[in-house]
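**Q** fold the stuff below for me.
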Amino acid sequence: MSEPARAPGGVLDDLRDESDALDRLVAALPPERWAAPTPAPRWSVAHQIAHLAWTDEAALLAATDPEAFAGHVAEAAAAPGTFVDAAAAALAAQPPDALRERWRAARARLQDALRALLPGTRVPWYGPPMSVTALATARLMETWAHGQDVADALGAVRTPTARLRHVAWIGVRARDYAFAVRGLTPPAEEFRVELEAPESAVRGLTPPAEEFRVELEAPDSAATWAFGPPDAPQRVTGPALDFCLLVTRRAHRADLALHAAGPDADRWLDIAQAFAGPPGEDRAPRKETR
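**A** Numbers count the residues shown, from 1 in each chain. This is a model prediction of the structure:
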């Protein structure tokens, strides 16, 4: 199926829900668990939440005071290799309760600010200005990705949701950037990306003997999320969760069930990223071979 129009309100609702899900994961943690190391080198659980709080505050500044945000970007440009880590470290030094409340306040204010913007507004960002929908999608992608780091640190297994569709969308949209940031020429032709949407797992319970009457409102998505021309000769297929883990660089390609047809599509899967900036350190594969 083709990708439908994406209204800002729906993406903002999903951003709120994704943030709330991560909040529930850390809300009852004892203080010492906030120091648990995550897969990101030198980052603890506190660093992950601190980064989300800091970036939500930056997005709020961009949405409400573009001139002040321009000054913030200039400061970041003066220390491109350290400003993200330094900001995370500064906030992570706060007591966990204070950090969590700061994150909650930042994301709530960001929700209000983005919902108040007029249709068609472009919000400045670290790269080109973004629509409200695109900025909300970027915030959801990052919240999900850093939430995955937290879940991995805590040994928690998260159930994939339909919100992954936004992560997949921005991963596809960022294809050319993934090539360009590495000094490579992006392919001239579009790819077709077909992803298996998440579905509930079988729980192995004994079915009831009596029949049920079930009336449901059908969701607006089908079993496959598709992006790009249907007749594109180069394509990527596989589970949506695996694609999202790949484009957020939370798993190595060798550990994922993604398949590429065509040399450029195959190369893309080695370098894909959904976020701006340098790709960072690759995750080591759990398997010995692809």
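
**Q** please make it C-alpha for all contacts and neighbour counts, starting now.
**A** OK.

**Q** burial count for residue 282?
**A** Residue 282 is flanked by 13 other residues according to other CA atoms under 10 Å.

**Q** angles on the backbone of residue 237, please.
**A** The phi and psi values for residue 237, taken as degrees, to the nearest 10, are phi -140, psi 160.

**Q** state the distance from the nearest residue to it once chain neighbours are set aside to residue 33.
**A** Nearest residue to residue 237 in three dimensions, chain neighbours excluded: residue 194, at 4.8 Å (CA to CA, 6 or more residues apart in numbering). Separation of residue 194 from residue 33 (CA to CA, to the nearest Å): 38 Å.

**Q** of those two, which one has the most company?
**A** Neighbour count, other CA under 10 Å: between residue 194 and residue 33, residue 194 has more, with 21 against 16.

**Q** and the gap between that one and residue 227?
**A** Residue 194 is 7 Å from residue 227, by CA to CA.

**Q** and residue 192, by the same measure?
**A** 6 Å.

**Q** overlap in contacts of the two?
**A** With contacts taken as CA atoms under 8 Å, 6 or more residues apart in numbering, residue 192 and residue 227 have no neighbour in common.

**Q** just checking, what packs against the strand or helix carrying residue 114?
**A** If you go by DSSP states H and E, residue 114 is part of helix 96-116. If you count contacts as 3 or more CA pairs under 8 Å, 6 or more residues apart in numbering; DSSP states H and E, helix 96-116 packs onto helix 8-27, helix 45-64.

**Q** who touches the last one?
**A** The reference is to helix 45-64. So helix 45-64 is in contact with 33-38, 68-69, 84, 87-89, 91-92, 96, 99-100, 102-104, 106-107, 109-110, 113-114, 117, 123-125, 139, 142-143, 146-147, 149-150, 153, going by CA under 8 Å, 6+ apart.

**Q** among those residues, name the buried ones.
**A** 33-35, 37-38, 69, 87-89, 91-92, 96, 99-100, 102-104, 106-107, 110, 113-114, 123-125, 139, 142-143, 146-147, 149-150, 153 (16 or more other CA atoms under 10 Å).

**Q** quick one: mean pLDDT over the helix or strand containing residue 194.
**A** Following DSSP H and E, one finds residue 194 within strand 192-196. What strand 192-196 shows for mean pLDDT is 97.

**Q** contacts for that strand, please.
**A** With CA under 8 Å, 6+ apart as the test, strand 192-196 has contacts from 172, 223-240, 243.

**Q** go again using 7 Å as the cut-off
**A** The contact list for strand 192-196 (CA atoms under 7 Å, 6 or more residues apart in numbering) reads 223-230, 232, 234-240.

**Q** before we move on, what about stretch 65-78?
**A** Outside of stretch 65-78, the residues within contact range by CA under 7 Å, 6+ apart are 61, 62, 83, 124, 126.

**Q** one step back: tell me the helix or strand right after the helix holding residue 114.
**A** Next along from helix 96-116, by DSSP H and E: strand 122-123.

**Q** and the residue lying closest to residue 235 once chain neighbours are set aside, how many residues sit next to it?
**A** Leaving aside its sequence neighbours, residue 235 sits nearest to residue 192 (CA to CA, 6+ apart; 4.4 Å). Look at residue 192: counted by other CA under 10 Å, it has 22 neighbours.

**Q** against residue 145, how distant is residue 192?
**A** Residue 192 sits 24 Å away from residue 145, taking CA to CA as the criterion.

**Q** then residue 237?
**A** Going from residue 237 to residue 145 by CA to CA gives 21 Å.

**Q** do you know how far the residue nearest to residue 237 is from residue 143?
**A** In this view, residue 194 and residue 143 are 24 Å apart by CA to CA.

**Q** rebuild the helices and strands packed on helix 96-116 as CSV, extending it with distance to residue 76.
**A** Formatted as CSV, these follow (distance: least, CA to CA, whole Å):
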stretch, distance to residue 76
helix 8-27, 25
helix 45-64, 11
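
**Q** right, and those - which one's nearest residue 132?
**A** With CA to CA, the closest approach to residue 132 among the helices and strands packed on helix 96-116 belongs to helix 8-27: 6.2 Å.

**Q** got the contact list for the closest one?
**A** Under the criterion CA under 7 Å, 6+ apart, residues 111, 132, 133, 136, 137, 140, 143, 144, 147, 163 lie in contact with helix 8-27.

**Q** a helix runs through the fourth one, doesn't it?
**A** Yep, that's residue 136 we're talking about. Yes - using DSSP: H, G, I helix; E, B strand; the rest coil, the assignment for residue 136 is a helix.

**Q** pull the contacting residues for it.
**A** By CA under 7 Å, 6+ apart, the residues touching residue 136 are 11, 12, 15.
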